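Chemist: Have a look at this prediction, sequence included:
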Amino acid sequence: MIRYYEFLYLAIAVGMAGFIAFSYKEMPINAVIGMSFGIAVASFMYSFRRQQRIKLEELERKHIEELKKEAGEDSDV
């Protein structure tokens, strides 16, 4: 489920960048700066959530391997 949140942040960043690209000439500079800040935040959140998910999946995999070793099962089975 966490994976979908990171793609949501990516979609928001891409959507805002596309909006700026198509509406740049009509937008006031304050709006462009604000949306650029929004793009930076959404991009950061995408990266942060992705790294967080990868670390959690690795931690979960290690925990499952430890449980298998404690139960006396082979990890190949």
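Modeler: Sure, I can see it.

Chemist: Buried by neighbour count: which residues of stretch 34-48 qualify?
Modeler: Within stretch 34-48, the residues that count as buried by 16 or more other Cβ atoms under 10 Å are 35, 39, 42-43, 45-46. For glycine as for every other residue, the C-beta is placed from the backbone atoms N, C-alpha and C.

Chemist: out of these, which are inside helices?
Modeler: Judged by DSSP state H, helices contain the following of those: 35, 39, 42-43, 45-46.

Chemist: Distance check, residue 41 against residue 47.
Modeler: 11 Å (Cβ to Cβ, to the nearest Å).

Chemist: Sorry, wrong one. I was asking about residue 35.
Modeler: Where residue 47 is concerned, residue 35 sits at a distance of 19 Å (Cβ to Cβ).

Chemist: so residue 51, which of the three states?
Modeler: helix (DSSP: H, G, I helix; E, B strand; the rest coil).

Chemist: check contacts around it.
Modeler: Applying Cβ atoms under 8 Å, 6 or more residues apart in numbering to residue 51 gives no contacts.

Chemist: number of nearby residues for residue 26?
Modeler: Using other Cβ atoms under 10 Å, residue 26 is surrounded by 7 other residues.

Chemist: give me the element it is part of.
Modeler: For residue 26, there is no enclosing helix or strand under DSSP states H and E.

Chemist: so what's the backbone phi/psi at it?
Modeler: In terms of degrees, to the nearest 10, the main-chain angles of residue 26 are phi -90, psi -10.

Chemist: For whichever helix or strand residue 6 is part of, buried residues please.
Modeler: Assigned by DSSP H and E, residue 6 belongs to helix 2-23. Across helix 2-23, burial judged by 16+ other Cβ under 10 Å covers 6, 9-10, 12-13, 16-17, 20.
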